[in-house]
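*Asks:* pasting the sequence and the predicted model now:
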Amino acid sequence: MTTLSTKKPIQTLRDGSLKASIWGNRNENGVRYSVDLVRSYTDEAGNWHDSRSLSNGELLRGARLLQLAYDQVIELKAADRAAASGAQ
């Protein structure tokens, strides 16, 4: 069964300044997964920020991270189904 936290993602995949975070929310039907794709950057004062806007040079890297996140979510769902069928 997937370990869920409201404060931390289940997994974070990174490629340079891009990151895809996988989140899980448990409800009465099981776990619902979602993915955030963000680009981290620093401003002139050195403060870190996240943006959901990608440049054209980051699009393919973002697409690859989303594909990897999709594959991971499929594996998490399979593990959830296996755990649920084993518990019955």
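*Replies:* All right, it came through fine. Numbers count the residues shown, from 1 in each chain.

*Asks:* hey, what's residue 50 bridged with?
*Replies:* In this structure, residue 50 has the following beta-bridge partners (DSSP bridges): residue 40.

*Asks:* how much space separates it from residue 63?
*Replies:* For residue 50, the distance to residue 63 under the criterion C-beta to C-beta, to the nearest Å works out to 18 Å. Any C-beta I mention is one placed from the backbone N, CA and C, and that applies to glycine too.

*Asks:* I figured residue 30 was touching residue 76, is that so?
*Replies:* No. Using C-beta atoms under 8 Å, residue 30 is not in contact with residue 76; the gap is 10.8 Å.

*Asks:* quick one: low-confidence residue ranges for the protein.
*Replies:* For the chain, the stretches flagged by pLDDT under 70 are 1-6, 87-88.

*Asks:* tell me which stretches of it form strands.
*Replies:* Ranges of strands in the chain, per DSSP state E, are 11-15, 18-27, 30-42, 48-51.

*Asks:* return the most buried member of those.
*Replies:* With neighbours defined by mean count of other C-beta atoms under 10 Å, none of those is more surrounded on average than strand 18-27, at a mean of 17.

*Asks:* how far off centre is that one?
*Replies:* Averaging C-alpha positions (C-alpha atoms, centre = their mean, to the nearest Å) puts strand 18-27 4 Å from its chain's average.

*Asks:* ok and that strand relative to strand 30-42, angle-wise?
*Replies:* Relative orientation of strand 18-27 versus strand 30-42 (axes from the mean of the first three to the mean of the last three C-alpha atoms, to 10 degrees): 150 degrees.

*Asks:* quick one: contacts for residue 74?
*Replies:* When contacts are counted by C-beta atoms under 8 Å, 6 or more residues apart in numbering, residue 74 touches no other residue.

*Asks:* beta partners of residue 14?
*Replies:* For residue 14, the beta-bridge assignment (DSSP bridges) gives partners residue 19.
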